[in-house]
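> just to be clear, the model below is a prediction. Sequence and coordinates:
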Amino acid sequence: MPRRNRRRPVVRRELERLEPEPGYATPGPWSLRGTLTLGLIVVMLQAVVSVVTYQLRFRNDPGDTLAFHMLNTDPVSIMLFALVGMPFARRLAQERRSMRVLETLSAGAIMYIIDYLSISIAISLSGHAADAHDGKQMAGAAVAGVLGIATGSALFGVIYRRLWMPRLRGGPKP
């Protein structure tokens, strides 16, 4: 009996229609739980990539430590980690919709800006310039960096609603 005439059943997913927020033309931003989950995934990816690159390239450099290398982030990597981590954060936080690409990039950019500012403030409050071999300064900067990414994640919903969500005529005033 040949199998070529039999067709496999097609699995069809029912797509849920996302309704826009009242007064707005698009659905609202992710919940606080979703954006904080995304921030946590970004921190974890940054830590893993930093450890791997440190072990491969900077292990024998006496002027560089692992903590200093973890705190030296660039905006492209943070935005890339946000793009890579978004589907996982969506599943973990049980969000109804995926973030759009530019929405995810803007979340990564906001996380990076506040991360950079908080690390700069922590280092300037330590009383001297960044020193890779000062453990207390690196620990304080690391805590400030994690809090900066968490703050950026939490502020993303407010900033997104204020700047990017198109309002309908007669919609709510900012």
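Arrived safely, thanks for sending.
> just checking, what packs against the longest helix along the chain?
Longest helix in the chain, counting residues (DSSP state H): helix 135-163. Secondary-structure packing of helix 135-163 (3 or more Cβ pairs under 8 Å, 6 or more residues apart in numbering; DSSP states H and E): helix 32-53, helix 66-71, helix 101-125. Backbone N, C-alpha and C define where each C-beta goes, glycine included.
> please repeat the previous calculation with a cut-off of 10 Å.
helix 32-53, helix 66-71, helix 75-93, helix 101-125 (3 or more Cβ pairs under 10 Å, 6 or more residues apart in numbering; DSSP states H and E).
> which residues does the least confident helix or strand in the chain by mean pLDDT contact?
Every helix and strand in the chain was compared by mean pLDDT, DSSP states H and E; the lowest is helix 66-71, with a mean of 83. Residues from elsewhere that reach helix 66-71, judged by Cβ atoms under 10 Å, 6 or more residues apart in numbering: 43, 46-47, 49-51, 53-55, 57-59, 61, 65, 115, 119, 122-123, 130-135, 137-139, 141-142, 144-145.
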